[in-house]
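>>> Give me a 3D structure for the following:
(chains A and B)
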Amino acid sequence: MKIWSSLLKIDRRIIYLAVAISVLVPLIFPFSIPTNVMPPTQVLFNAVDNIDPDNQAMLISVDYDPQTMPELQPMLKALLRHAFARRLPVLVMSWPVQGLGLGKKGLDEVTAEFNRLAQTAEDSIIYGRDYVFLGWPPYWLAAVLRMGSDIGQAFPADYYKNRTSALELMKRIKNYNDIGLIISIAGSAAPQSWITYVNTRFGVRVGAGSTAVSAPDFYPFLNTGQMTGMMAGLKGASEYEHLVHTRYKTTGEMAAIRGMSSQSIAHLAILVLVVIGNIGYFVTRRKQ
Amino acid sequence: MSFDPWIWIGALLTLAIFSFLYRENPFYRFAEHLFVGVANGYAITVMWHLVLTTRVITPLRGGNFIVIIPTLIGMLYFCRFMPRFAWLVRFPIAIALGFSAGVSIPAVLQASFIKQIQGTIVYPHTLVNWQQGLWAVIILIGVISTIFYFYFSREHTGILKPVSYIGIIFIMIGFGASFGYTVMARLSLLIGRFYFLFKDWLGIIK
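I've put the predicted structure just below:
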């Protein structure tokens, strides 16, 4: 009785410490756990894999800011690796202003990975030819509707202040007809807005990379087919990293896969704490 | 250990935020205020470079004077600071509201209402295999019973009682799934910060 009642009064800072240790130890001494790919991630991977690189591009919208970066940045990098490995043209834009820096960081890191191994200009990933960073539109709704007729008018200049219409890639990517898939990576309801205003109106397929918190909100859209696949949280990111690495043997750090050993141990620790808390609650209540 | 001053700044600010787990303190408040200030400063800079420069100043220099009209309408927002002309702010607000409502109402109805109802209906082709059919029926039961749980115009007695009870079971399963995902999300953020501290800053993780 005394043990259970004292367990119910554990200082919250001790619980923080226990969770911190359960996260940190597997990070320092990682172990591999098998990656089971869930259907939403597989559907998204297949959708990217089936875009015709000669006729269409993929649009990635960096709809997150630094506070959700650990979960979502690995998704951006895995998607870019997938696209660049297939030589699939990529357009990147950002909805929140703070997403600009994260988008640029992801692009710089992944292009460097590919260009380190490149022998010729043909092998390299070149700005304007293989990808374009469109930047940030001042009024998102007006911009995404405008992109249906002319992307160059929605973004007269790219992030680097180049005239968009002068870029080689943008001469053949004019509007949503030339976009095979839009992927909104978000820590908010942004993918739902893409479905509402772009998928419904223009018929472009929309996929998502979502924080685990927001993921349950998107399952109804997966069920109706309005959303074409989803990466849910760090687990979804690790599944996508696994799929890309297995198929294309890409190089580069796989942060999500590395984080999953910590995730698993920390989940076990929290499960134990929840079970102890519940047993303690019921035992002390019965005694009272 | 890193010798990059930016890594050090990031690490010390991370520790300042983490210090809140022990108790409220000046280091935490400093980091919090700094974040708000930097985020706003960054946003203003982006507005200048990616909006005013590329969408107003450059077109004006190129002889595209039509941009003066939306610019002037947008500048009416500043009338709010002048009590005599404050009423003029209604023009840009009315334009923005009218545009948003006109675009949003049919789109939201189509995407979040009609399509979702269609997704709930069980057609003969959803029963082509037993797995798909089973999930379709479960979704249908879940939607109907949950709606009945929130139907307050009649007392939950008779047939409504078991139906609304099934509804609350679905709601609880939904809460459980959301909680599980939330735990995963919060841990992911902690993993990201620890990875930064112990790899980029201290170099302990190889």
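>>> Name the residue of chain B that lies nearest to chain A.
B:Gly192 (2.1 Å; C-beta to the nearest C-beta). Every residue, glycine included, has its C-beta placed from N, CA and C.
>>> Quick check: buried residues in the helix or strand hosting B:Ile7?
Assigned by DSSP states H and E, B:Ile7 belongs to helix B:5-18. By 16 or more other C-beta atoms under 10 Å in any protein chain shown, the buried positions in helix B:5-18 come out as B:7, B:10-11, B:13-14, B:16, B:18.
>>> surely the residue of chain B closest to chain A meets A:Gly259?
Yes. Using C-beta atoms under 8 Å, B:Gly192 is in contact with A:Gly259, at 7.5 Å.
>>> overlap in contacts of the two?
Common neighbours of B:Gly192 and A:Gly259 (criterion: C-beta atoms under 8 Å, 6 or more residues apart in numbering or on different chains): A:Pro70.
>>> Looking at these two, which has the bigger crowd around it?
A:Gly259 (29 against 21; other C-beta atoms under 10 Å in any protein chain shown).
>>> Pull out the buried residues from the helix or strand where that one lies.
Using DSSP H and E, A:Gly259 sits in helix A:255-287. Residues of helix A:255-287 classed as buried: A:255-266, A:269-270, A:280, A:283 (neighbour count, 16+ other C-beta under 10 Å).
>>> What of stretch A:13-28?
A:18-20, A:22-24, A:26-27.
>>> ok, and which of those residues reach chain B?
A:19-20, A:23-24, A:27 (C-beta under 8 Å from any C-beta of the partner chain).
>>> Okay, and which of the residues you listed map to helices?
Among these, DSSP state H puts A:19-20, A:23-24, A:27 in helices.
>>> Is the spatially most distant residue from the centre of chain B inside a helix or a strand, and which specific one?
Taking C-alpha atoms, centre = their mean, the residue of chain B most remote from its mean C-alpha position is B:Gly158, at 40.7 Å. For B:Gly158, there is no helix or strand it lies in under DSSP H and E.
>>> now it: how far from B:Phe148?
Separation of B:Gly158 from B:Phe148 (C-beta to C-beta, to the nearest Å) stands at 12 Å.
>>> Helices along chain B, start to end?
Assigned by DSSP H, the helices in chain B fall at B:5-18, B:26-46, B:58-61, B:68-75, B:90-108, B:115-120, B:130-149, B:160-195.
>>> Dump the C-alpha coordinates for stretch B:46-53 into PDB.
Written as PDB, here are the backbone C-alpha positions of stretch B:46-53 (Å, rounded to 0.1, in the frame of the first residue of the first chain):
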ATOM      1  CA  VAL B  46      11.500  38.200 -45.500                       C
ATOM      2  CA  MET B  47       8.500  40.500 -46.200                       C
ATOM      3  CA  TRP B  48      10.900  43.200 -47.300                       C
ATOM      4  CA  HIS B  49      13.000  41.000 -49.600                       C
ATOM      5  CA  LEU B  50      10.400  38.600 -51.000                       C
ATOM      6  CA  VAL B  51       7.300  40.800 -51.000                       C
ATOM      7  CA  LEU B  52       8.000  44.500 -51.200                       C
ATOM      8  CA  THR B  53      11.200  44.200 -53.300                       C
END
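>>> follow-up on the earlier one: so does the helix holding A:Gly259 get close to chain B?
Yes. Using C-beta under 8 Å from any C-beta, helix A:255-287 reaches chain B at A:255, A:258-259, A:262-263, A:266-267, A:270.
>>> Identify the residue of chain A closest to chain B, quick one.
For chain A, C-beta to the nearest C-beta, closest residue to chain B: A:Pro70, 2.1 Å.
>>> so what's the closest residue to that residue other than its chain neighbours up against?
Spatial nearest neighbour of A:Pro70, excluding adjacent residues (C-beta to C-beta, 6 or more residues apart in numbering or on different chains): B:Gly192 at 2.1 Å. B:Gly192 makes contacts with A:69-71, A:255, A:259, as judged by C-beta under 8 Å, 6+ apart.
>>> quick one: B:Gly192 from B:Gly10, how far?
12 Å.
>>> ditto for A:Gln56
Here the criterion is C-beta to C-beta. By it, A:Gln56 lies 38 Å from B:Gly10.
>>> For chain A, which residue occupies the most central location?
Geometric centre of chain A, nearest residue: A:Met75, 3.3 Å, by C-alpha atoms, centre = their mean.
>>> thinking again about what came up before, which positions within the host helix or strand of the residue of chain A closest to chain B qualify as buried?
Secondary structure from DSSP H and E places A:Pro70 in helix A:69-86. Counting neighbours by 16+ other C-beta under 10 Å, one finds that the buried residues in helix A:69-86 are A:69-84, A:86.
>>> the helices in the stretch 151-288 of chain A, which residues?
All helices of the stretch 151-288 of chain A, identified by DSSP state H, counting those that start in this stretch, fall at A:151-154, A:190-194, A:200-202, A:215-224, A:233-248, A:255-287.
>>> Which residues does the shortest one contact?
Outside helix A:200-202, the residues that touch it by C-beta under 8 Å, 6+ apart are A:145, A:148, A:176, A:226, B:107, B:110-111, B:115.
>>> mind running it again at 6 Å?
A:148, A:176, B:107, B:110-111 (C-beta atoms under 6 Å, 6 or more residues apart in numbering or on different chains).
>>> ok, back up a step: how far does the helix holding A:Gly259 sit from its chain's centre?
In terms of C-alpha atoms, centre = their mean, to the nearest Å, the gap separating the centre of helix A:255-287 from the centre of its chain is 27 Å.
>>> Contact residues of chain B facing chain A?
Contact residues, chain B versus chain A (C-beta under 6 Å from any C-beta of the partner chain): B:21, B:43, B:46, B:50-51, B:54, B:107-108, B:110-111, B:115-116, B:119, B:177-178, B:181-185, B:187-192, B:194, B:205.
>>> ChimeraX command to pick out the buried ones of those?
Isolation of the buried members of the residues of chain B next to chain A (16+ other C-beta under 10 Å) is achieved in ChimeraX through the command below:
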select /B:46,50,51,54,107,110,111,115,119,178,181,182,183,184,185,187,188,189,190,191,192,194,205
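>>> Could you export the contacts of helix A:200-202 as TSV, including pLDDT?
Converted to TSV, those look like this (pLDDT from 0 to 100):
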residue	pLDDT
A:Gly148	95
A:Tyr176	97
B:Ala107	93
B:Gln110	93
B:Ala111	93
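>>> Show me the two of those that sit farthest apart.
A:Tyr176 and B:Gln110 (16.9 Å; C-beta to C-beta).
>>> Can you give the contact residues for stretch B:107-122?
Looking at what lies outside stretch B:107-122 - C-beta under 6 Å, 6+ apart - the contacts are A:195-197, A:200, A:220, A:223-224, A:226, B:136, B:140, B:143.
>>> distance between the ends of it?
End-to-end distance for stretch B:107-122: 24 Å, by C-alpha to C-alpha, to the nearest Å.
>>> Return the distance of that stretch from the chain's centre.
21 Å.
>>> again, but for stretch A:13-26
26 Å.
>>> Same check on stretch B:57-66?
35 Å.
>>> Now do the residue of chain A closest to chain B, the pLDDT please.
At A:Pro70, the pLDDT value in this model is 91.
>>> A:Met1 now?
So, for A:Met1, pLDDT stands at 63.
>>> Nearest to B:Gly62 among the helices of the stretch 151-288 of chain A would be which one?
Closest to B:Gly62 of the helices of the stretch 151-288 of chain A is helix A:151-154 (C-beta to C-beta; 14.7 Å).
>>> buried ones in that closest one?
A:151-152, A:154.
>>> Pick the one among these closest to A:Pro138.
Closest approach between the buried residues of helix A:151-154 and A:Pro138, by C-beta to C-beta: A:Ala154, at 10.3 Å.
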